[in-house]
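> build me a structure from this.
(one chain, ligands or ions: 1)
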Amino acid sequence: MNPTSLRPPDGDPPRPPARRSRTGIEATAKIRGEAVARRLAEGYPDSRCSLEFRSPFELLVATILSAQCTDRRVNMVTGELFRRWPTPAALAEAEGVELEAVIHSTGFFRAKARNILGCCRGLVERHGGQVPATLAELVRLPGVGRKTANVVLGVGFGRAEGVVVDTHVGRICRRLDLTRHSDAVRAERDLVRVVPADHWITFSHRLIDHGRAICRARRPRCTECLLADLCPRRGLPAENTPPERQDS
Ligand code: SF4
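The predicted structure follows:
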């Protein structure tokens, strides 16, 4: 084709720029995802899970308790919890009201107590009192979704089967345009495509630390951010938008 035939004849309005293909958008997100993961690793080399635990069982229960609650608050109740019920078998036999009283301060205590009891019964009945080390088995336990399963696999067993997506990780990754989904399962599906697998376990811990320090829910501190040159700041108001994007 003659390239000049693509140009509008003189006097015609300019044609809109060609839409980028889906493959092109995914390739850009992958390049950004790799750069973000590397940069976070340099900036937050010591990030780790802040839940306290001594075994995959304790980590599993602590992660169930951490829904809608800070890790600090969870750590304040797990000492007493595991002193009273140190094994899945012991916890499976706990009285619901007693358990609710111990975990009360973590919020949603009735639902959490129900989930913990159901989960421990599942561990005893189906897994000989051991925490299984596969995603498929973990998500079949009551109260265990992909997020909890990924925490247990990554932090408890060192197995990278996915990326943990909580509200903070989701929020920052949408700003970084690594995903556009609010739904955690869909967001994770995007992230495992663009974040290198050897970063999957630590990626979330680093993002959570970054969210606390810089990329806060309200008033993110973009001018101090180590990801500033990589981040399109999607969804943020104009004052956060990088100057080179304000006209686009
Ligand atoms: S540049 Fe702003 S929006 Fe992007 S990651 Fe940093 S603080 Fe968050």
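> okay but V192 is in contact with V163, surely?
Yes: contact criterion CB atoms under 8 Å: V192 and V163 qualify, at 5.8 Å. To be clear about C-beta, it is placed using only N, CA and C from the backbone, and glycine gets the same treatment.
> residues shared between the contacts of these two?
Both V192 and V163 are in contact with W200, where contact means CB atoms under 8 Å, 6 or more residues apart in numbering.
> gap between V74 and the ligand?
26 Å (CB to the nearest ligand atom, to the nearest Å).
> whoops, C222 was the one
If you go by CB to the nearest ligand atom, the gap between C222 and the ligand works out to 3 Å.
> confidence score at that residue?
For C222, the model assigns a pLDDT of 96.
> got it, and the one 5 residues further on?
Taken from the predicted model, the pLDDT recorded for L227 is 97.
> ok, I208 to the ligand distance?
Where the ligand is concerned, I208 sits at a distance of 13 Å (CB to the nearest ligand atom).
> next up, the contacts around that residue.
So I208 contacts S47, D166, H168, V169 (CB under 8 Å, 6+ apart).
> do you know the pLDDT at it?
95.
> for the closest residue in space to C231 that isn't next to it in sequence, what are its contacts?
Counting by CB to CB, 6 or more residues apart in numbering, C231 lies nearest to L176, which is 5.2 Å off, once chain neighbours are set aside. Neighbour list for L176: R32, V36, L227, L230, C231, P232, R234 [criterion: CB under 8 Å, 6+ apart].
> what's the burial count for the last one?
Looking back up the chat, that one is R234. 15 (other CB atoms under 10 Å).
> near the ligand, which residues of the protein? Just list them.
172, 175-176, 214-215, 220-222, 225, 227-228, 231, 233, 236 (CB under 6 Å from any ligand atom).
> burial check on A37, number of neighbours?
Quick note: A37 (other CB under 10 Å) scores 21 neighbours.
> tell me how far the residue nearest to it when sequence neighbours are not counted lies from the ligand.
Closest residue in space to A37, ignoring its immediate chain neighbours: H199 at 4.0 Å, by CB to CB, 6+ apart. Distance, H199 to the ligand, by CB to the nearest ligand atom: 16 Å.
> okay but H199 is in contact with R39, surely?
No: with contact defined as CB under 8 Å, H199 does not count as touching R39 (10.8 Å).
> before we move on, back to that, by neighbours, which of the residues of the chain next to the ligand wins?
I172 (24 neighbours).
> circling back: between H199 and R39, which is the more surrounded one?
Taking neighbours as other CB under 10 Å, H199 and R39 compare with H199 leading, 20 against 17.
> who are the contact partners of L123?
Here L123 is in contact with F57, P88, A92, G129, Q130, V131, L141 (CB under 8 Å, 6+ apart).
> burial check on the residue nearest to L59 when sequence neighbours are not counted, number of neighbours?
Of all residues not flanking L59 in the chain, F53 sits nearest, at 4.0 Å (CB to CB, 6+ apart). Look at F53: counted by other CB under 10 Å, it has 20 neighbours.
> next: E80.
E80 - counted by other CB under 10 Å - has 12 other residues nearby.
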